[in-house]
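[1] Structure, please.
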Amino acid sequence: MKKIPMDIIREHIAPYMYLKQPECLLRDIESYVDVRERLIDLYSSMYPNMNKYDDWLSNDICRFFNENVPINHGYTNNNLRKWRRLFVFHDKSDHVIIDYLTRYFLRYSSREFRVYLGILTPFEREEFIEFCITI
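    Below is the predicted model:
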């Protein structure tokens, strides 16, 4: 693998390495990490004999996104609005988002859970914890 020339690193990359990130971004990252750890603890205690609690987490966050409506009954507008927070979908039609989700995303995995959780706002993440406790 070729190395990046030192002058490129010094002049174009390094100046951005030490810039302070916006507070709202830092709070969002802290929220993501905190809620993810709390949910993993909650689900691993709810399903102690199962090493696949992440499947339940993925299932439940899909339910939360779709307002507790089964996916086979269609995607809610609120669900699609959340997906539009991702830059890749911000200007896409419902059809494009649904096609992507049905082709590539509904596999119940820890990756899926992490993406869903990352799309949520800090407030929505707290709502999701409450949703998980009540189901």
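
[2] Could you list the buried residues of whichever helix in the chain runs longest?
    In terms of residue count, the longest helix belonging to the chain (DSSP state H) is helix 23-46. Under the neighbour-count criterion of 16 or more other Cβ atoms under 10 Å, helix 23-46 has 28, 31-32, 35-36, 39, 43 buried. Any C-beta I mention is one placed from the backbone N, CA and C, and that applies to glycine too.

[3] what element comes up after that helix heading to the C-terminus?
    Counting by DSSP states H and E, the next helix or strand C-terminal to helix 23-46 is helix 53-65.

[4] What are the contacting residues of the following helix or strand past that next one?
    The element immediately downstream of helix 53-65 (helix or strand, assigned by DSSP H and E) is helix 77-83. Helix 77-83 is contacted by residues 65-67, 89, 94, 97-98, 101, 119-120 when judged by Cβ atoms under 8 Å, 6 or more residues apart in numbering.

[5] likewise stretch 35-50?
    With Cβ under 8 Å, 6+ apart as the criterion, stretch 35-50 contacts 53-54, 56-57, 114, 117, 122, 125-126, 128-129, 132-133.

[6] If we only consider the residues you listed, which is nearest to residue 23?
    residue 122 (12.2 Å; Cβ to Cβ).

[7] For the chain, give me the ranges with low pLDDT.
    1-2, 50-51, 106-110 (pLDDT under 70).

[8] hmm, what's the outermost residue in it?
    When distances are taken from the C-alpha mean of the chain, residue 7 lies farthest, 36.7 Å away, according to Cα atoms, centre = their mean.
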